[in-house]
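In: show me the folded form of this:
(one chain, ligands or ions: 1)
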Amino acid sequence: MRGLVDTLRLKHHLDSDGYAALLTCDDAHYLHEQAREVAQSVFGKGIFVRGLVELTNVCRNDCYYCGIRKSNSNVERYILTTEQVLQSCDAGYKLGFRTFVLQGGELSRDKAPWLVDLVSEIRQQWSDCAITLSLGEWPREVYKALHEAGADRYLLRHETYNAEHYAKLHPTEMSLEKRLQCLTWLKELGYQVGTGIMVGSPNQTIENIVEDIEFIESFEPEMIGLGPFVPQHDTPLGEYFTGSAELTCRLYSIFRLIFPNALIPSTTALNTIDQNGRTMGILAGANVVMPNLSPIDARARYTLYDGKATTNAEAAEGIAQLEAQLATIGYHIDWGRGDFGKCRMQNE
Ligand code: SAM
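Out: Numbers count the residues shown, from 1 in each chain. Next up is the predicted model:
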């Protein structure tokens, strides 16, 4: 196994059998150690923070795994007002955040002009901040307008690169092809793009994960978002098992060795299923955390999965706690924008 890890670190690539072996081997200690070393050589011991604003839990899609899918009638729906979003960014800015992430369900198409105005407003008020969007699938012209209004980055997980598996997670009106088309558009338009998967999503096989690694390798995203699948009891997949924290961390390490400069969050989902999830992720090579800046009552309604962590170090107000938690493993917050490719410069 050491040989495979050494090759991956040196060549940033393995064949599919090599990836499968790293995902299934008995002991991932050396894999994590090498990934951590690479992350530290690029980013030092600084962890970037992104202020997450959960813009809305209204969604026009019906993904079988997601707690805010449109068919879930037990969700009390909200869309933050422009003012609430600006207040969240203002509070975040005062705490030191220099990246805002607007994430939410997929709003109806007629909300596009409002989104563009919202991004423009944030751009005008906080010209030194990065704006990341994670708002799902839109026509190319909407992505373009949002980018022109000031959005720099876009997160859109492909969820799975296997079309059959995709069809087990999504209704027929959604397609992998469309998802991939959106990712291509985002890249063409000049966004820094993030993609990724849920680890342990229902019916996912190791071969599927290898296909995901190979897709991500070829797509070369700037950000890689990976979190365990966590069931939500009101969804069609609510009876399935929670994904593995261990496997999620192996993937952080594998992607760190493939892409030394990538921005890889240690995700809330990982921290939800394991109380040490955040630090485990960082020690496996992740270098970003995304505390929550949303208004408190919105957080309780953005119920993607059961038990979602929204308080303490997971929340933006818990910065001191986050600092303390990072300090226990010898890390600290890096308050920079953390643009892809500029990390070495920032830490020099
Ligand atoms: N609608 C946008 C999209 O599809 O990209 C952004 C919001 S969506 C809720 C953000 C991410 O949440 C999805 O890409 C998915 O991977 C994750 N997610 C949704 N349900 C989940 C679950 N039950 N467990 C873990 N992650 C989940």
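
In: so which strand or helix has the residue most central in space within the chain?
Out: In the chain, the centroid-proximal residue (C-alpha atoms, centre = their mean) is Gly225; its distance is 3.4 Å. Using DSSP states H and E, the element containing Gly225 is strand 223-228.

In: what's that strand packed up against?
Out: strand 153-155, strand 192-199, helix 245-258, helix 268-273 (3 or more C-beta pairs under 8 Å, 6 or more residues apart in numbering; DSSP states H and E). All C-beta spots, glycine's among them, are computed from the backbone N, C-alpha and C.

In: ramachandran angles for the closest residue to Leu189 other than its chain neighbours?
Out: Leaving aside its sequence neighbours, Leu189 sits nearest to His147 (C-beta to C-beta, 6 or more residues apart in numbering; 5.1 Å). Here is the backbone geometry of His147 (degrees, to the nearest 10): phi -70, psi -40.

In: and His147, what does it touch?
Out: Going by C-beta atoms under 8 Å, 6 or more residues apart in numbering, His147 touches 189-191.

In: burial measure for Asp117, as a count.
Out: Residues near Asp117, counting by other C-beta atoms under 10 Å, number 12.

In: other residues contacting the helix or strand harbouring it?
Out: Taking DSSP H and E as the criterion, the element that holds Asp117 is helix 112-125. Residues from elsewhere that reach helix 112-125 (C-beta under 8 Å, 6+ apart): 82, 85-86, 89-90, 100, 102, 107, 129, 131, 133, 135, 138, 142, 145-146, 149-151.

In: near the ligand, which residues of the stretch 51-200 of the chain?
Out: Residues of the stretch 51-200 of the chain lying close to the ligand (C-beta under 6 Å from any ligand atom) are 65-66, 103, 105-106, 134-136, 156-157, 159, 198.

In: in strands, which of those residues appear?
Out: Counting by DSSP state E, the part of these found in strands is 103, 134, 198.

In: which of those residues has the largest number of neighbours?
Out: For those, neighbours tallied by other C-beta under 10 Å; top is Met198, 24 neighbours.

In: how close does it get to His170?
Out: 12 Å (C-beta to C-beta, to the nearest Å).

In: which neighbours do the two share?
Out: Glu159.

In: returning to what we had before: mind putting the helices and strands packed on strand 223-228 in JSON lines, mean pLDDT included?
Out: Output for the helices and strands packed on strand 223-228, formatted as JSON lines (pLDDT from 0 to 100):
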{"stretch": "strand 153-155", "mean pLDDT": "98"}
{"stretch": "strand 192-199", "mean pLDDT": "98"}
{"stretch": "helix 245-258", "mean pLDDT": "98"}
{"stretch": "helix 268-273", "mean pLDDT": "95"}
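
In: just name the most buried of the ones you listed.
Out: Sort the helices and strands packed on strand 223-228 by mean neighbour count, taking mean count of other C-beta atoms under 10 Å, and strand 153-155 sits at the top with a mean of 26.

In: which strand residues bridge the nearest residue to Leu247 once chain neighbours are set aside?
Out: Nearest residue to Leu247 in three dimensions, chain neighbours excluded: Val199, at 5.4 Å (C-beta to C-beta, 6+ apart). Using DSSP bridges, the bridge partners assigned to Val199 are Pro228.

In: what residues are up against Val199?
Out: 209, 226-229, 243-244, 247-248, 251.

In: near the ligand, from these?
Out: Restricting those to those touching the ligand (C-beta under 6 Å from any ligand atom) yields 227, 229.

In: now which of the contacts of helix 112-125 would you call buried?
Out: 85-86, 89, 100, 102, 107, 129, 131, 133, 135, 138, 142, 145-146, 149-151 (16 or more other C-beta atoms under 10 Å).

In: now tabulate the helices and strands packed on strand 223-228 in JSON lines and tack on distance to Val116.
Out: Below are the helices and strands packed on strand 223-228 laid out as JSON lines (distance: least, C-beta to C-beta, whole Å):
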{"stretch": "strand 153-155", "distance to Val116": "14"}
{"stretch": "strand 192-199", "distance to Val116": "19"}
{"stretch": "helix 245-258", "distance to Val116": "32"}
{"stretch": "helix 268-273", "distance to Val116": "27"}
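
In: Gly285 reaches Arg36, doesn't it?
Out: Yes. In this structure, Gly285 is within contact of Arg36 by C-beta atoms under 8 Å, at 5.6 Å.

In: show me where the chain has strands.
Out: Using DSSP E, strands in the chain cover 46-49, 51-56, 99-104, 130-134, 153-155, 192-199, 223-228, 288-289, 332-334.

In: what's the nearest residue in the stretch 201-348 of the chain when you look at the ligand?
Out: Tyr305 (3.6 Å; C-beta to the nearest ligand atom).

In: hmm, back to that, could you identify the most distant pair in the contacts of Val199?
Out: Greatest spacing in those, by C-beta to C-beta: Ile209 and Gly227 (13.6 Å).

In: returning to what we had before: figure out which of the strands of the chain is closest to Ser73.
Out: Going by C-beta to C-beta, the one of the strands of the chain nearest Ser73 is strand 51-56, 16.8 Å.

In: now Met174: how far from Thr195?
Out: Distance check for Met174 against Thr195: by C-beta to C-beta, it reads 16 Å.
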